[in-house]
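Trainee: Predicted model and sequence follow; I will ask about them next.
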Amino acid sequence: MQYSGNTTIATAEASPPASNSSSSPPSSPPSVILSPCAACKILRRRCVEKCVLAPYFPPTEPLKFTIAHRVFGASNIIKLLQELPEDQRADAVNSMVYEANARLRDPVYGCAGAICQLQKQINELQGELAKAQAEIMNIQCQNSNLFELICKHQNEQENLLQPILPYHENSTFLLDESILGVAWDPLWT
């Protein structure tokens, strides 16, 4: 089976005659069965050599044309394809089929409904993302404040553990009664 332009060509060889006589006529040429494109098949018309729809609606994909035909109509599809350059036609057919599918799912809004729904979902997700980023910033600020408090508390603890008066090797300086001006009385008698 071969695909040539707008039709699928299937060749079938004629079966050889049963007798082996040398006087038998030569075998007939192979018969050719033409299969029209999906559009011509659905429209029940003959698929011509230069069918505009054949390259975009092959016989193996009849649903593709059925969907587009139901929404846009065959004549509108043909007009649109004839007005476009050939390099843009495949994209136009894909867009028409997509729009037709969307229109069948949502007859009022079609693709616009799907786009609006996706826009709404994007806006909701952006809001959630902004909230999550704000929470992260808040937690980071709390962490830095907590770190500062811990450092400050550690510094205060270290300062409390250090002696109030500087320590000298000469301990008599602390016990010298002449400096204090008071005689040390024993605490218990």
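Mentor: Thanks, I have it.

Trainee: neighbours around Asn138, how many?
Mentor: 10 (other C-beta atoms under 10 Å). C-betas here are computed from N, CA, C, even on glycine.

Trainee: any idea how far it is from Asn145?
Mentor: Counting by C-beta to C-beta, to the nearest Å, the separation of Asn138 from Asn145 is 11 Å.

Trainee: same deal with Val97?
Mentor: Applying C-beta to C-beta, the value for Val97 to Asn145 is 59 Å.

Trainee: So which other helices or strands are in contact with the helix ranked longest in the chain?
Mentor: Counting by DSSP state H, the longest helix found in the chain is helix 111-161. With contacts defined as 3 or more C-beta pairs under 8 Å, 6 or more residues apart in numbering; DSSP states H and E, helix 111-161 has these neighbours: helix 86-105.

Trainee: Next, the angle helix 111-161 makes with the helix it packs on.
Mentor: 80 degrees (axes from the mean of the first three to the mean of the last three C-alpha atoms, to 10 degrees).

Trainee: Mind giving me the packing neighbours of helix 86-105?
Mentor: Against helix 86-105 (3+ C-beta pairs under 8 Å, 6+ apart) you get helix 62-72, helix 74-83, helix 111-161.

Trainee: Any stretches of this structure with poor pLDDT?
Mentor: For the chain, the stretches with pLDDT under 70 are 1-34, 162-189.

Trainee: what do you get if the cut-off is 90, keeping everything else the same?
Mentor: 1-37, 45, 47-50, 52, 54, 59, 110-111, 114, 151-189 (pLDDT under 90).

Trainee: Val97 and Asn145: which has the busier surroundings?
Mentor: Val97 (22 against 10).

Trainee: State the distance from the more buried one to Leu81.
Mentor: 13 Å.
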